[in-house]
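Asker: Give me a 3D structure for the following:
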Amino acid sequence: MKEPFFIFQYLTNPRSVGAIFPSSKYLSEKMIEAINFENAEYIVEYGPGTGVFTEKILKRRKADTKIILVENNNGFYFFLKRRFCNEPNLIIINSSAENIEQILYYYQIPNVDYIISGLPFTSLPTLISNKILLKSVKVLKENGLFVTFQYTKLKMDLIKQCFPEIKIKREFRNIPPAYIFNCKKITD
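Answerer: This next block holds a predicted model:
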């Protein structure tokens, strides 16, 4: 059910979905491997799609860790609401990641430990990408981590403007193969 639905969403919204297939289990593992689940109070996920990363996060989190999903695509939003309707401490928002400050303010969340992003920065307008990255830095705790994957390194310079310390990994067992950027918030 997840794969045909994902493909349909790609065909109807190619610029915002960014890939024809959901992320592989291998990419999912690499996306969340840097999360310290014992200490994480708040984890945000941008563009969760059908919840491939979400599922892994929910299995490993502590019961009192709050997870906030920010999904702009209406089809994916309603899919996630049905799929994870019984999960405690899970907030699913139908909005753009550009609005992360307002979302956290509404839920009285001061800042977050981790942001996991499935957003296709390469196909998003540069202005929107930049706004999302700047707001992400702002809402992360000191030494917080922004983790994203991209299929190319085209937006590397843009990401480095907000996160100068980036560790890159590669996952070939994904269609297409992907780069994982672990971006640490550094405060002076």
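Asker: Give the bridge partners for the residue nearest to I116 when sequence neighbours are not counted, please.
Answerer: Distances taken as Cβ to Cβ, 6 or more residues apart in numbering place E45 nearest to I116, at 4.6 Å, with adjacent residues excluded. In short, each C-beta sits where N, CA and C put it, glycine included. In this structure, E45 bridges to L69, I116 when assessed by DSSP bridges.
Asker: Next, work out how far apart E45 and K153 are.
Answerer: E45 sits 22 Å away from K153 when distances are taken as Cβ to Cβ, to the nearest Å.
Asker: So for the two, which residue has more residues nearby?
Answerer: E45 (26 against 12; other Cβ atoms under 10 Å).
Asker: tell me the contacts of the more buried one?
Answerer: By Cβ atoms under 8 Å, 6 or more residues apart in numbering, the contact list for E45 reads F53, T54, I57, I67, I68, L69, V70, I115, I116, S117, G118.
Asker: right, and the last one touches P48 too?
Answerer: Yes: counting by Cβ atoms under 8 Å, G118 does reach P48; the two are 6.3 Å apart.
Asker: Does N36 belong to a helix, a strand or coil?
Answerer: Using DSSP: H, G, I helix; E, B strand; the rest coil, the secondary structure recorded for N36 is coil.
Asker: ranges for the strands of the chain?
Answerer: 42-46, 66-71, 90-94, 112-117, 140-150, 165-171, 178-184 (DSSP state E).
Asker: Do a quick rundown of the helices in this structure.
Answerer: 2-12, 14-17, 25-32, 52-60, 74-83, 100-106, 126-139, 156-162 (DSSP state H).
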